[in-house]
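Student: output the structure for:
(chains A, B and C)
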Amino acid sequence: MTLTHPSVSVPRRPFARLMRGLAAIGASEPQKRVQFDRPLTPWLFLAPQLAVVVIFFYWPSVEAVLSSFYIEDPFGFGATFVGMENYSDALTNARYQATAAFTAFFCVVVTALSLGIGLLLAVKADKVIRGAGPYKTVLISVYAIAPPVAGLIGMMIFDQHIGPITELFAFFGHDLRVGVNYWDTAIAVITISVWKQIPYNFIFFLSGLQTVPVSVREAALIDARSGWRRFRDIVLPLLAPTAFFLLIINITYAMFDTFAIFDVVVKDKPANNPMTLVYKVYLDGFKGNDIGGSSAQSVILMVVVAALTVVQFRFLERRVHYG
Amino acid sequence: MQQVKPLDHLVLILGALFMALPVIVALMSSTHAAIEIHSNGLYLTPGGDGVETYNKVLTARGGFTGDVTGLLMLGNSMIMGIGFAVGKIVLSMTAAYALVYFRFRFATLIFWAIFTTLLLPLEVRIMPSYQVMSTLGLLNSYTGLIVPLLASATGTFFFRQFFKSVPDELLEAARIDGAGPWKFFVDVLVPLSRTMMAAIFIIMFIYGWNQYLWPLIMTTDESFYTLMRGIKSILQVWVGSQIPDYNEAFALAVLAMIPPIIVVVVFQRMFIKGLTESDK
Amino acid sequence: MATVTLSNVGKTYAGGVDAVRGVDVEIKDGEFVVLVGPSGCGKSTMLRMVAGLEDVTRGEVRIGDRVVNTLDPADRDIAMVFQNYALYPHMSVRDNMAYGLKNRRTPKDEITRRVDEAARMLELAPYLDRKPRALSGGQRQRVAMGRAIVRQPSAFLFDEPLSNLDAKLRVSMRGEIRRLQKRLATTSLYVTHDQLEAMTLADRLIVLRDGAVEQVGAPLEVYRRPASAFVAAFIGSPAMTLLDARVSDGQALVGDHVVAPAAVPAGEVTLGLRPEDLRITRDGPLPMRVDYIEELGAQRIVHGFVDGQKIAVTETGAESLPADLRLSVDPGALHLFDVKTGRRLPQTVTRPEAVPA
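Tutor: Numbers count the residues shown, from 1 in each chain, chains lettered A, B, ... in the order given. Alright, predicted model coming up:
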């Protein structure tokens, strides 16, 4: 790898990394020693997937990129080419910047909390092994719950009139007004999002912990007296690959899969409520009819996600090779 | 050898309560009348109005959405979950088979074309996807609900990994035994993948069942509403009503979460295996 | 039954690696030929070219009177036994054996007859309805052989079939394979890296090195007259000692010590001495310093140095040995190889009688 000046390489880097990442998964494993050599059959097997990918992935993706360079007439009478204007509009818009800032904050908080709690519970469940079954079942059940359902239940719990958490806040002298007050809504959305994601992290951490060989644990028991030291020096480093994988997944989750939670809690009334970038894409596109602007925001998000995914692939490839 | 400390269980119990209480609250409150909830708040104990509420939610037309019963939405969610899972398995197994077991021109290009889809979730291209669907006339159809979601290659990626782990000699033995590409696929590979197919089915069923955004924009005709779409509707009706139908909302939430919970709890082991091994 | 003929067969992988170079071999009808060599010598590639699992880059492979170079594996009338058995895990033992026959549209009762017969021959009858995972390693290997037998092919191909078994089972399966092959009299090509397996199984050995044939011959012939230093070191256990030596005035010398008369031109040579051909004697010409002794029960192997070079001797004594010994050797037991090419040097001295086994 050669070093280039950062300011020069920035615009090209996501693409280069994407290609490297894809090349890595493409080349990382050897092919089968023997393969079928037929001209037509593989295409028959590929046809359904290819058709779906071309029609429902490439076509819309190309549309998104194209329409991001146009401003569409609100009455549907054609579109005007405006170049990068949609992008500069989006990036300089104060509302967009605020949303981007909140999205970053939201990702960090949700990821940190759900990873932390998931890890804590997994470590404890791993310790009690024998009685871990019921806890595991409870946590896994919550994994199955859809984000909008989580949002609905959460909304009730944070409800103005009947919500117990609202009462709790009132007891401490705070008038919680979810859906009205910006930070109150943020608290609700973060709590619900964290709640929904804990099981996923728990499952992965627990299975990661259970792959730590008994012999290593026993060696650690001999080498270190304090449980915390054992955890920090032996178990945590062995969990690092799982944790890194989960980090990426959690960021992706916070950015995209929380859409439904926002939609249920905010209920199409963005007025003074926090939201994520992807929710703004939806609002501007479907509610605001600003197709060009929405597309430009989509493309910006695409770049962010692509970069994240490539990081994940690079990591995945390493994990495949070095166990 | 490590000692179990009461503290460990305490942490676990608190964690389990934090996770389970909202679910219990939803379940219990759904058996109380809306007015009770309105005046007394949420419940942790069962009430006496459960049968009536669920009956209304499941069978009454226009309970809250106007023209659609909960039963119909339950059916649509089921179609969505099963259709998605089956479609995903069929598409990704055949594609992965071609990628792993065939030598053909442009194989690398095709590989990239398919796996690039892993880079961009549906949410970021939701607007143009909607336009494409509308151009194709697929709005308000099961095809439109299910097929576009199949465009992501997660399943293909997983089956490709799995096929690569199948020993080379199995194909060689089969070729000496006179099996061609179709026979090998049907007689050897598919039966060999049964466990993996089941694990993927569970994960994809839940994924399909839990879809929210796509049904939201794809269906305006209420006869195609899924339970998730119903949740959106019940909340829209909510605005402006004096005493919202808390109980019905909870009942709907319970209906929407019970099937996937049953699936993961019953197939817990297979589910965890599928999840932790396919998402890597 | 058929002959298998390889004429000037070569294999070059994409990337230019020559795995097999110009191999000429003829396997006679009913013959058991073993391809042996260290890993990476091209022996598996050769077998796989005969099977049709690998393209033939150059030359011609014939099975019977057909050139099979471009024929599909299924059409070559061969059967193959794999190292990892390659049984279909989801099929019962019976279905595993029957699968190839079903694909060839063999009549049902004929399939049943053949499978039952093979099962009887291999003592698999009680396991016919089990899945492979319910069987032991030895049983699985027998199923793999059964799958080959029921096909009644022109030739059996074995790709290191015993390598996944433990040592004891390997010995008994070795006998079983030998017995079966004799009974069925099917032309067989067998690949192994284990020289003992090769010696005990083969009618004829083919020793391969770097994709080329180093020597072809009956096991004892190869053992007694290895064509090169490589074969000499590879065949036989414990391995032949190879010493830097020279010949002058019709005598082979290691350092300053005359070993025995040698009828080759004077100069540097590589001298090969089999441990079992050396004798510990009071007044032998070769001084040996003992390093350590391996007791094997029936015999022992004495390891040490002659003139600073490693050497091994087998003997059957039980008494303790002094640190310094003297060795003597029959002139007929000397193996002399060219230093540069490693090829055997033709000797005019004739071997007196059979070498002790």
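Student: and the residue in the stretch 1-150 of chain A positioned nearest to chain C, how close does it get to chain B?
Tutor: Nearest residue of the stretch 1-150 of chain A to chain C: A:Val34, at 5.3 Å (Cβ to the nearest Cβ). Any C-beta I mention is one placed from the backbone N, CA and C, and that applies to glycine too. Distance, A:Val34 to chain B, using Cβ to the nearest Cβ, to the nearest Å: 5 Å.
Student: quick check: residues of chain A near chain C?
Tutor: A:Arg33, A:Val34 (Cβ under 8 Å from any Cβ of the partner chain).
Student: need the three-state assignment for the residue of the stretch 1-150 of chain A closest to chain C.
Tutor: coil (DSSP: H, G, I helix; E, B strand; the rest coil).
Student: give me every residue that touches A:Trp118.
Tutor: Rather than Trp, residue A:118 is Gly. A:Gly118 makes contacts with A:Gln197, A:Ile198, A:Pro199, A:Tyr200, A:Asn201, A:Phe202, A:Phe204, A:Phe205, A:Leu246, as judged by Cβ atoms under 8 Å, 6 or more residues apart in numbering or on different chains.
Student: pretty sure the fourth one contacts A:Ala254?
Tutor: In this case it means A:Tyr200. No. Taking Cβ atoms under 8 Å as the definition, A:Tyr200 is not a contact partner of A:Ala254, at 12.0 Å.
Student: angles on the backbone of C:Val67, please.
Tutor: phi -80, psi 120 (degrees, to the nearest 10).
Student: what's the answer for C:Glu60, then?
Tutor: Dihedral angles for C:Glu60 - degrees, to the nearest 10 - are phi -140, psi 130.
Student: name the SS class of the closest residue to it other than its chain neighbours, please.
Tutor: Excluding its sequence neighbours, the residue lying closest to C:Glu60 (Cβ to Cβ, 6 or more residues apart in numbering or on different chains) is C:Ser7, at 4.5 Å. Three-state assignment for C:Ser7 (three-state DSSP): strand.
Student: the residue in the stretch 151-300 of chain A that chain C sits nearest to: neighbour count?
Tutor: Residue nearest to chain C within the stretch 151-300 of chain A: A:Thr211 (23.0 Å; Cβ to the nearest Cβ). Neighbours of A:Thr211 under the rule other Cβ atoms under 10 Å in any protein chain shown: 10.
Student: next, give phi and psi for it.
Tutor: Torsion angles, degrees, to the nearest 10, at A:Thr211: phi -90, psi -10.
Student: so how far is chain C from B:Met197?
Tutor: In terms of Cβ to the nearest Cβ, B:Met197 sits 12 Å off from chain C.
Student: for C:Ser328, give me its contacts.
Tutor: By Cβ under 8 Å, 6+ apart, the residues touching C:Ser328 are C:Leu278, C:Arg279, C:Thr281, C:Asp283, C:Gly284, C:Pro285, C:Leu286.
Student: my read: the fifth one touches C:Asp324, true?
Tutor: In other words, C:Gly284. No. Between C:Gly284 and C:Asp324 there is no contact under Cβ under 8 Å: 11.5 Å.
Student: so for these two, which sits in the more crowded spot?
Tutor: C:Gly284 (17 against 10).
Student: in a strand, that one, correct?
Tutor: No. C:Gly284: not assigned to a strand; according to three-state DSSP it is coil.
Student: now it, nearest residue through space, not along the chain?
Tutor: In space, C:Gly284 is closest to C:Ser328, 3.3 Å off (Cβ to Cβ, 6+ apart).
Student: quick check: bridge partners of the one you found?
Tutor: C:Arg279 (DSSP bridges).
Student: distance-wise, check it relative to C:Met288.
Tutor: Using Cβ to Cβ, to the nearest Å, C:Ser328 is found at 11 Å from C:Met288.
Student: quick check: the gap between B:Ile146 and C:Asp109.
Tutor: Distance, B:Ile146 to C:Asp109, by Cβ to Cβ: 48 Å.
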